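Q: From the sequence below, what's the structure:
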Amino acid sequence: MGIQDLQTFLDSNCVQGGSVPVDLLKIARMVAQKSQRNRVIKGQQIHNFSKLRLVLDGECCLDRLYGGFFSDWACGGQWNRMLQFLAVLIQAMEMSGLEIAVFFNGCFEPLRRPDWVQHQLQVRAKVNNVLKHITTKGTPPPKIWWTPPVCLRTSLRMALRHLNVTVLCSMDDHHQEVIAYCRENNYNGLIADDAEYAAFDPPRYFSSEQLKLTYKGSLDTKEYMLSELTRALNIPSDRLCILAALLGNYILTENDLADFYKNNNISTNVLNKTSVEQMIKIIANFVKELPSAELDVVSQKVFGSVSDPRCSKLRQSVQYYLNGTKEGFLHYKPVKPTKVHKLDSKPSTQTQSSLSDTPSASEGDSNLETSRFASETLESERESLNAYKQATANAKTAPQIVIDPPGIQGHGDADAIRTEEEQSDGHAINGTHNLLISSSSSSSSSSATSPSHATADSARQLEKTHIPTTSPEVMRTASERHQKGLMSPYIYQILIAGEIKLPVLLEDENHREFPSIHVIYRPIRQMVYAILFNLHHRMYLATKSKEKGDSEKIEIPDVTIKEWVWSKSNPYQTPELVKAEQIGWGVPTIQRLWFGTVIDDKRRRLRGFLTCMRSDTPLMLNTSYVPQHLLVMACVLRYIMSFSDKIKILRRQELDAFIAQAFSPELMNAQYLQDLQLPLVTSRGVQLATLFMAGVETALLANDACGAPIPWLMCCPWLYFDGKLFHHTLARATIAKNLLELCSGHIDRVVKVERMRKAILEGITVVFARPPLPVTPGIRVSVPSNILPANCTINDGLMRGRGSGTLPQRGLMRRPIPSRGGQLEIAGVVVGQWGPNYGQPGRLPQPLQGHPRGRIPPQVTSIGGIKYGLPRGFNPINRPTFQTRGATRAPIAGRGKKTQMKVTGKKKTTVKKTKETEKKDIKSRGIDGITDYK
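A: Here you go, the predicted model:
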């Protein structure tokens, strides 16, 4: 039950003509042609065509923007492939004259928290199914369990910004701001899949779930005909809001409407639940028969009394939907992204074409100077653009779809990089006078709210969140950067509400090899809280005041942020109170970090970020060790390695796999990544990728909090990570004897990996995670001989033969000892057999349990050996092997061969030479500077 049932009703065949298949690119071309004809008739010069302009709710089609269903989405995100898809999509739109503005949800929305929690619990169920599927079958999960990869929203914001698309982020009420932006800016329609938008009756309403870019060059979806909906239900269009309210939402819940449903014979019981079609028709019939649309009359009919406390909720719910309609949307006035504090801004004197191949078509660029940091100078933009071009110089595009150019060409290049012009505020910002603690809120830019929403001040009192007041200048910049999608949404939520909601991630809650990912990165967030609320400066002022003996004491605020994190003991029932932690040195105020223009400010911004990431070391800033576009990655890996002295997360091969895939030329080869097939998807690999990408998102939060010392172009995840390539590299790292083999013999890449690893581990007492425990019985998946599963749990003494000489240096282990144990054969006749196996059938030898003194090791004795023996030199954990004849007999041989019975001097000589050759080979195996894995 709920408002979303209206969307289900629309998608079904219950409404004849309720949804019509359309091609958005064809509609856009028709709009452009019509505009061209009208201008020719009027004799006007045609400089540009009228475009079909649509608002896209990104929250409704994250999978569509990601590129549809990629089978390897669980591997951590295929960011280069996503970027290639978006480039093709945006290019097709521009060529046809279709313009979109993409909205992401950046609201905290405390009143919608129960809905958010319910959604997260559903995601958690999917995550458990995904990990169970991967563990048992080793294949990518099915589409039905798709969940957004970690950092997807952040990556989409950066990719769309890179492709010159208007990106916006809601602040107070996501649905109201999306429809208000659509109406105020005269957009032609809306692309979404949310029944609340249907109740708002937008100009045109297209399905985001059915959005598909086809090979023939069409952008197919379906359009919802809301006029047909009201006609089928036989209700006036102005009563659609009443119908939507009676379906239930976050204001007027299903429990509030239980009596109403019971009186109208609508069952919400799971066993005999009324169908969606029948329920909507019953409620529509009730709405049609109402004598009046007056809310008092409606309340009387629904609850039987105007004095019922639920009547106020009904009024708020109906009014909420009315505020989104054409007649009532002006009653709700969200902060406009392009018009906030316009009086404080100065006209720009630079043009974007100085940094980009083509000028930006995004709205709001003329007012970007009011929302920029001091670090975003013309010089830094140019340097980061050049560095980005160098990092992607070897990129190979692999467009999935070949688009036939239409007759009318649009303007703009989909591959143009969106850059920002720099306009200094022209005044030095000290910020000290703004640090006095006041009792009033400074967030005046967010005062406009929905009737069903509380203001920031009242929300703080309601939730009893005590956080220091932030200066108006900081709040203005934070709100504008938030609205334009230039900053992590968490920063604005922290400054306004003192709360953040952390979603469920793709991690195993039942078999943890390391703590919860959100807990791992909590220390970074704690330092971010201290930076945002000037904790160091406030303590400094309090200390100075105490030394001077001032009568008026300056209180040191207790900066505590509420974090909504799921755990078994607390499944989103109550928030966890997290205190801010000082960064450890005299970090400047947030005003100086964001707006300071001197050289020291630039240096402190970067130092603040590196300190949050525990990466303030000399080699981190040496580009010969850590290239600029890999700095974020290096910081995240260093933080993981230094997280705890007691808990070690990464193994040596896993760290090398992360670094090696970042330097791999295939990282920028979309065609290669598209064709790459993973023989096995592993649970540990999936969780390591999730851990890394969650670290990237946290690092970007710290970067924004410190004033963006790292340019946004250098933070794009497709520059240093691809989940599919990481899994492939991780599998190869498991069997490679050394780094040179992992890098396919390219010594230049080996040097780069070694240097970056040295920078990551500088000053750290390096202790890698222990080898995995023995594998539990399960379904075995056949793997090519050159790839071993990344989580194949082989004992460290038995695996890979990396310099140990115990196993062949390449390929998988041969077949283990049969389960029947050893046996003695003479002339083909079995004369004795004994001893248990070293594991279950089909498994590798397992270590014996218990103390060595308290057990008698099994013995294997045979003449001619067993047919399926172990490889040369293999002695499982120094277990004794008794041989009846010939101490130097070759360990692997066929059964019953006569020649095996003979032990000659020549044979001994051959064996001795072989052993000497092996020892010599082991000594000369490595290359100078390259150490074999052990």
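Q: Enumerate every residue touching the residue nearest to Glu209 when sequence neighbours are not counted.
A: Spatially, and ignoring its direct neighbours in sequence, Glu209 is nearest to Asp193 (4.6 Å; Cβ to Cβ, 6 or more residues apart in numbering). Every C-beta, even on glycine, is put in place using the N, C-alpha and C of the backbone. Counting by Cβ atoms under 8 Å, 6 or more residues apart in numbering, Asp193 makes contact with 7, 60-61, 207-209.
Q: Export the residues you listed as JSON lines, with columns for distance to Tyr224, secondary structure and pLDDT.
A: Formatted as JSON lines, the contacts of Asp193 follow (distance: Cβ to Cβ, whole Å; DSSP: H, G, I helix; E, B strand; the rest coil; pLDDT from 0 to 100):
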{"residue": "Gln7", "distance to Tyr224": "9", "secondary structure": "helix", "pLDDT": "91"}
{"residue": "Cys60", "distance to Tyr224": "13", "secondary structure": "helix", "pLDDT": "94"}
{"residue": "Cys61", "distance to Tyr224": "15", "secondary structure": "coil", "pLDDT": "92"}
{"residue": "Ser207", "distance to Tyr224": "7", "secondary structure": "strand", "pLDDT": "95"}
{"residue": "Ser208", "distance to Tyr224": "11", "secondary structure": "coil", "pLDDT": "94"}
{"residue": "Glu209", "distance to Tyr224": "11", "secondary structure": "coil", "pLDDT": "92"}
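Q: can you name the two of those that are farthest apart?
A: Largest separation among the contacts of Asp193 by Cβ to Cβ: Gln7 and Cys61, giving 13.6 Å.
Q: hmm, back to that, quick check, nearest of the contacts of Asp193 to His727?
A: Checking these against His727 by Cβ to Cβ gives Cys61 as the nearest, at 26.2 Å.
Q: Assumed Ser569 was part of a helix.
A: No - assignment of Ser569 by DSSP: H, G, I helix; E, B strand; the rest coil gives coil, placing it outside any helix.
Q: For it, give me the pLDDT.
A: At Ser569, the pLDDT value in this model is 90.
Q: In the protein, which helix is the longest?
A: In the chain, taking DSSP state H as the definition, the longest helix is helix 113-137.
Q: and the next element down the chain from it?
A: Proceeding N to C from helix 113-137, the next assigned helix or strand is helix 152-162, under DSSP states H and E.
Q: partners of the helix or strand following that next one, with directions?
A: Heading C-terminal from helix 152-162, the first helix or strand you meet, by DSSP H and E, is strand 166-169. Here strand 166-169 has these sheet partners by DSSP bridges: strand 98-104 (parallel).
Q: So Phe658 versus Tyr529, what's the distance?
A: Going from Phe658 to Tyr529 by Cβ to Cβ, to the nearest Å gives 28 Å.
Q: Looking at those two, which is more packed in?
A: Set Phe658 next to Tyr529 and count neighbours by other Cβ atoms under 10 Å: Phe658 wins out with 27 against 23.
Q: how about the more buried one, what does it touch?
A: Phe658 neighbours (Cβ under 8 Å, 6+ apart): 633, 637, 692, 726.
Q: what comes up buried for the helix or strand harbouring it?
A: Assigned by DSSP H and E, Phe658 belongs to helix 652-663. Neighbour counts over helix 652-663 (16 or more other Cβ atoms under 10 Å) mark 653-663 as buried.
Q: got any ranges where this protein has weak pLDDT?
A: 1, 38-49, 69-71, 329-370, 394-465, 549-555, 772-823, 827-828, 833-934 (pLDDT under 70).
Q: Double-check Met756 against Ser624; I have them as touching.
A: No - Met756 is beyond contact range of Ser624, at 10.0 Å (criterion: Cβ atoms under 8 Å).
Q: More neighbours: these two, which one.
A: Met756 (26 against 9).
Q: Distance check, that one against Arg614.
A: The spacing between Met756 and Arg614, counted by Cβ to Cβ, is 16 Å.
Q: Am I right that Thr214 is in contact with Asp220?
A: Yes - contact status for Thr214 versus Asp220: in contact at 5.9 Å, counting by Cβ under 8 Å.
Q: These two: which is more packed in?
A: Using other Cβ under 10 Å as the criterion, Thr214 and Asp220 rank with Asp220 on top: 17 against 12.
Q: who's that one bridged to?
A: Going by DSSP bridges, Asp220 forms beta bridges with Asp23, Lys212.
Q: Can you verify my assumption that it contacts Pro21?
A: Yes - counting by Cβ under 8 Å, Pro21 is a contact partner of Asp220 at 6.7 Å.
Q: Name the strands paired with the host helix or strand of Glu563 and say parallel or antiparallel.
A: Element membership for Glu563 (DSSP H and E) is strand 560-564. Strands flanking strand 560-564 in the sheet, each with its direction: strand 499-501 (parallel), strand 576-579 (antiparallel) (DSSP bridges).
Q: Give me whichever of those is most buried.
A: strand 499-501 (a mean of 21; mean count of other Cβ atoms under 10 Å).
Q: Mind listing what's buried along the next helix or strand after it?
A: With elements assigned by DSSP H and E, the helix or strand that comes after strand 499-501 is helix 517-520. Residues of helix 517-520 classed as buried: 517-518, 520 (neighbour count, 16+ other Cβ under 10 Å).
Q: I am finished for the moment; much appreciated.
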